[in-house]
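S.K.: return a 3D structure for these sequence lines:
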Amino acid sequence: MQNSTAEKKRFLPRYALVFYGVLALSLLVYLVAVLSPTFAAWFNGTVGAAVRALLAHLTSWLPFSLAEILLYALPLAVVAIGVLAWRRYCDTWRDTGRFLLSLLSCVSLLFSLFVFSFGTGYHTPTLDRRLSLTPREVTGETLAHTLSCLVTEVNAAAEGVSFAENGFSLMPYDLGALNTKLMDGYGEVSVAYDFIQPLKSRVKPVLASRAMSYTHITGVYTYFTGESNINVDFPPYTQPFTAAHELAHQRGIAREDEANFVAFLACVATNDPYICYSAYLNLYEYVANALWEVDREAYMEIAKNLLPVVKGELRAYAAFFEPLRDSAASSVSGAVNDTYLKIHGNEAGVYSYNLVVELAVAYFA
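M.R.: Presented below is the predicted three-dimensional model:
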């Protein structure tokens, strides 16, 4: 009875004070990570790795995306909280303030979880240094060399791939089998590079993938549930590379260009013809777009060497994407993602996905 009375007299309940204490610690950790890449790498590879693994193991048994279900439940939760606040915590300004600050302390846990699981990954040393790649200037000449190498690899991988009449390639297994192969690939790269976390997990298909396509989002890693989610509405050849990209985030590779390149390495490490085809063709598209901007004649000269079936795949993708190209949802999602990336120190914003070209040029030099 006395404890209950004391709790009422205290402006904030004990749990709220604890949550604010965790928030203060999170802010300190994040500040140190911003100032020290060495600390960021250590924290991301130890504490962050443990939290990511715990979350992945807690949610991996679910065949669906928990994050997606929580997103759908969010409007109901907001209404329920509003009704609760109106009925129980709006009698006085003190009660209202107490409720709002207690609610804010709960919301602050999302930021704390972000810091302890994923956020410090944005401030680790860059991937080229961690892979011991020698940076090369990105010029028309180096882009043309890289694209030529990729055309050779794409064509070689395409020899082991089947194609449908609509032009798209056929992925010869389901998402579960794809996941198993990608786990093998990540097992290989985690041995080769100790900063890539060894972790057994699974990729989750998004239930509302068609609606997601209008946002131009092919996948998303949800740090608060530890899930790698992919849009299965996009053509099959994009899915292995996208899945590997989200799995890279799940292993602490936060920057988008670096997640793209680690995804490429993991896909190639599987030695599976279709997954390698997906990796080389997706990387080809990034480099081809960059070369098109600086030397269109060189691009066309190299691109004509693609096998006819690969050209058919790219034409089929263009036809698939055309109705989605100018959707309002994509403008909103793009702006949100751009802001999110810039807040976390990535000045390039959504363009950072394309910076994988710099890593590709260094790798194929």
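
S.K.: so who does the residue nearest to P37 when sequence neighbours are not counted touch?
M.R.: Leaving aside its chain neighbours, P37 sits nearest to P125 (4.8 Å; criterion: Cβ to Cβ, 6 or more residues apart in numbering). C-beta: built from backbone N, CA, C; applies to glycine. Shown in contact with P125 (Cβ atoms under 8 Å, 6 or more residues apart in numbering): 37-38, 41.

S.K.: got the buried residues for the helix or strand hosting E188?
M.R.: In this assignment (DSSP states H and E), E188 forms part of helix 175-192. Residues of helix 175-192 classed as buried by neighbour count (16 or more other Cβ atoms under 10 Å): 175, 178-179, 181-183, 185-190.

S.K.: from those, which is closest to E137?
M.R.: When those are ranked by distance to E137 (Cβ to Cβ), V189 comes first, at 26.7 Å.

S.K.: longest single helix anywhere in this protein?
M.R.: The helix spanning the most residues in the chain, taking DSSP state H as the definition, is helix 93-117.

S.K.: after that one comes which helix or strand?
M.R.: Scanning onward from helix 93-117 (DSSP H and E), the first element met is helix 127-130.

S.K.: got the buried residues for whichever helix or strand comes after that next one?
M.R.: Next helix or strand after helix 127-130 toward the C-terminus (DSSP H and E): helix 140-158. Buried residues in helix 140-158, counting neighbours by 16+ other Cβ under 10 Å, are found at 140, 142-151, 153-155, 157-158.

S.K.: residues in contact with helix 140-158?
M.R.: With Cβ under 8 Å, 6+ apart, helix 140-158 has contacts from 136, 169, 273-274, 276-277, 280-281, 283-284, 287-288, 290-291, 294-295, 298-299, 302-303, 305-307, 309-310, 357, 360-361, 364-365.

S.K.: give the buried subset of those as a PyMOL selection command.
M.R.: In PyMOL, a selection of the buried entries from those looks like this (16+ other Cβ under 10 Å):
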select buried, resi 136+169+273+274+276+277+280+281+283+284+287+288+290+291+295+298+299+302+303+306+307+310+357+360+361+364
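
S.K.: now A158: how far from E313?
M.R.: 8 Å (Cβ to Cβ, to the nearest Å).

S.K.: so what sits against both of these two?
M.R.: With Cβ under 8 Å, 6+ apart, A158 and E313 have common neighbours S169.

S.K.: state the number of residues packed around the residue lying closest to H249 once chain neighbours are set aside.
M.R.: Leaving aside its sequence neighbours, H249 sits nearest to Y221 (Cβ to Cβ, 6+ apart; 3.6 Å). Applying other Cβ atoms under 10 Å, we find 23 residues neighbouring Y221.
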